[in-house]
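Asks: Compute the structure for the input listed below.
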Amino acid sequence: MGLEAAPEVESLWSLDYGIKLEDGFTVKPVPFKKGCKYYFFNEEKKLINELKGDPPLSITERSTVGVEIKKHLNPQNTLNKLGVTQLFDDLKVAMNSFVDEYVEVELEAQKQNAEEELAQNKQAYEEGLELFNNQSKPLIYAASLVDWYTAGERTNIMITFLCYCSQVILKNPISVIGLGDGSSGKTHIENVALSMIPDDFVIYEKKPTMASMFRRAETNQRYYDGKIVVYGDLGGNNDQDEVEDTKNLLKELQTDGYLARPITIKVDGEFEVVDLILSGFPCLTYTTVPNYNFDSQELSRSFIFTPRTDNRAVFNARKSYLELKGGKTEQIYQSMLSFKTEIQKMVLGLRYKFSDINIVNPYSDAILNLIGASEYYKRDYDKYNGILKVITAFNSSNREVHNINGEKVIFTNPEDLQYFVTLLRPYMASITRNLSKKAAELLDDIVENGDKWLYQADSTFKYDSGEDFGFTINDYIEEGNVSIAKRSLYRYFTELNQEGFLKVVGKHGKSNMYALVENVDEVHQNEMLVLTDNSKRRLEFEYPDDIVEYILSNDVILDEDCSILNQSDDVIKPFWLDYDKE
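Replies: Purely as a prediction, here's the structure:
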């Protein structure tokens, strides 16, 4: 590739396998966060090791990466300590040049792929952009159509849809997980959101295996790049170990953009170790049940939605209307289904529009306030900021495009933020408190009504336990206001206990007695809707006066009428929404 290593290293370059070392092995440094991942291949080009470390020029001989490299620099034991150090230093320079070349080639490949995609799909992209520009409020239009496809799940479907759009439009992968009891509607939410995404960006995996992943990687290492990978319903079964393994690999690929793993697969009846190498940035989507064990990486990469359990009336009304086949409502419904194609085209049009336009959010403090004390704040920022930027994209039809140092830029404004807040309002407490949505609903109910459950009809305490008074899960089942299966209730009470919102104050028989921990924080949403003083100071430092003036002139608090729940003038409101209590 035109790279030249120091002559003392006598390295051969290969972007696939890296720099050849003295014993025939190779080391391939790949950029990773603020450092690199170092992949070591043997003479047969088999992956033997993977280590994380600093950038090449910063690694030392005593570091983990340095120790591994030195094993391969003096195989004949003919060099003294000074000679090995000199060879090591020369290799660091060569690896640094390799990283520069690797990044350059990757960027060129991405540019070429984007140009080829544009050439192949230009007509569809331009048609989609025209549809988008002809719609005064595209986001509300899409949200209003969603009401025809579901029974009261507009919010969950729109959040899921926007996460998927983050991948397709802005190339910022956000995974989505539907969490809920069996038959709660989580797969329905996922499927409706996916139906508004162009098919070319969705890959359905049915019980994927390491072998199937390897076969795809053999022909196309970027098979999953830029795709939404659908794993269906995992359901927490214990017999899906290999599915879990493939899912974990895709999660790593989503973060790192490059993955190399030796895996064992069956070839012609015999087990064989092969190298699985993938490039690109996919995102995952699947559904599961409340007792599913998530790891921290999964939680930090994903938005987790929970289906509503209080929408029985609107669900029944929708079923009753659509049961009357051939009637007016069913005819309108069928016509509304056809408009999903319009939304897909708009998504393509926005992908085209934002191929060379950056979205900048001056309200970064709003996202940081939303995250609060989240354990995963470092990744949560990109996740929620990504959703806000997609909203900005959908609101951009008449938005001014600025040129800043040769870059095209559109700024997020309070209207986008207001849609963002109303979209995430049902999840606001759970995000701020680092809880699942259902646990946050339970907590709100306990805060409001918990004292009532401590007493009997004669105003005496229900349980005599000295100075400690509380209520049991059975009490909540009898008197609580959040509809939820008993088996799931145990899981959410445990979550509230582990996160410090409920404490166990005693026992009643074999059941724990719970009490609320004092000083539960309230969520102040209005604080998110204006620029902070710190934000203004940053803007004044970073941008010319005319840009700052433009942003500040739009920094006004909007009224409550600016909401993701608004109805589009171009979409008839479904009659079943009159039955929705939310």
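Asks: Tell me the confidence at the nearest residue to residue 231 once chain neighbours are set aside?
Replies: Sequence neighbours aside, residue 286 is the residue nearest to residue 231 in space, at 3.8 Å (criterion: C-beta to C-beta, 6 or more residues apart in numbering). (C-beta placed from N, C-alpha, C; glycine too.) Per-residue confidence at residue 286 stands at 93 (pLDDT).
Asks: What residues does residue 286 make contact with?
Replies: Residues in contact with residue 286 (C-beta atoms under 8 Å, 6 or more residues apart in numbering) are 177-178, 230-234, 247.
Asks: Kindly present these as JSON lines, with separate columns for neighbour count.
Replies: What follows is these, written out as JSON lines (neighbours: other C-beta atoms under 10 Å):
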{"residue": "177", "neighbour count": "24"}
{"residue": "178", "neighbour count": "25"}
{"residue": "230", "neighbour count": "18"}
{"residue": "231", "neighbour count": "23"}
{"residue": "232", "neighbour count": "15"}
{"residue": "233", "neighbour count": "15"}
{"residue": "234", "neighbour count": "16"}
{"residue": "247", "neighbour count": "20"}
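Asks: Could you export those residues as JSON lines, including distance to residue 118?
Replies: JSON lines is the format used below for the contacts of residue 286 (distance: C-beta to C-beta, whole Å):
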{"residue": "177", "distance to residue 118": "32"}
{"residue": "178", "distance to residue 118": "33"}
{"residue": "230", "distance to residue 118": "26"}
{"residue": "231", "distance to residue 118": "30"}
{"residue": "232", "distance to residue 118": "32"}
{"residue": "233", "distance to residue 118": "36"}
{"residue": "234", "distance to residue 118": "36"}
{"residue": "247", "distance to residue 118": "32"}
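Asks: picking that back up, which element follows whatever helix or strand the residue nearest to residue 231 lives in toward the C-terminus?
Replies: Using DSSP states H and E, residue 286 sits within strand 283-288. Per DSSP H and E, the first helix or strand lying C-terminal to strand 283-288 is helix 296-301.
Asks: Quick one: mean pLDDT over the helix or strand that that following helix is followed by.
Replies: Heading C-terminal from helix 296-301, the first helix or strand you meet, by DSSP H and E, is strand 302-305. Averaging pLDDT along strand 302-305 gives 92.
Asks: Partner strands of strand 302-305 and their direction?
Replies: Based on DSSP bridges, the pairing partners of strand 302-305 within the sheet are strand 175-179 (parallel).
Asks: Residues touching the strand it pairs with, excluding its own?
Replies: The set of residues external to strand 175-179 that reach it, using C-beta under 8 Å, 6+ apart, is 160, 163-164, 186-187, 189-190, 193, 251, 254, 283-290, 292, 294, 298, 301-307, 436, 438.
Asks: Give me the secondary structure label for the residue of the chain positioned farthest from its centre.
Replies: The outermost residue of the chain relative to its centre, with distances by C-alpha atoms, centre = their mean, is residue 78 at 51.9 Å. What DSSP: H, G, I helix; E, B strand; the rest coil gives for residue 78 is coil.
Asks: which non-adjacent residue is nearest the most centrally placed residue in the chain?
Replies: Central residue of the chain (C-alpha atoms, centre = their mean): residue 174, 2.4 Å from the mean position. With C-beta to C-beta, 6+ apart as the criterion, residue 174 has its nearest non-adjacent residue at 4.3 Å, and that residue is residue 163.
Asks: And that neighbour, how close does it get to residue 570?
Replies: The gap separating residue 163 from residue 570 is 25 Å, by C-beta to C-beta, to the nearest Å.
Asks: Comparing these two, which shows the higher neighbour count?
Replies: Each of residue 163 and residue 570 has its neighbours counted (other C-beta atoms under 10 Å); residue 163 has more, 25 against 13.
Asks: Show the model's pLDDT score for that one.
Replies: pLDDT recorded at residue 163 is 98.
Asks: Now do the buried residues in the strand holding residue 286.
Replies: Residues of strand 283-288 classed as buried by neighbour count (16 or more other C-beta atoms under 10 Å): 283-288.
Asks: cool, and stretch 428-446?
Replies: For stretch 428-446, the neighbour count (16+ other C-beta under 10 Å) marks 428-443, 446 as buried.
Asks: go on, stretch 119-138?
Replies: For stretch 119-138, burial by neighbour count (16+ other C-beta under 10 Å) applies to 121, 124-125, 127-129, 131-132, 135, 137-138.
Asks: now swap in stretch 554-570 and tell me
Replies: 554-555, 562-565, 568.
Asks: Going by distance to residue 338, which of those wins?
Replies: Nearest to residue 338 among these, counting by C-beta to C-beta, is residue 568 at 15.8 Å.
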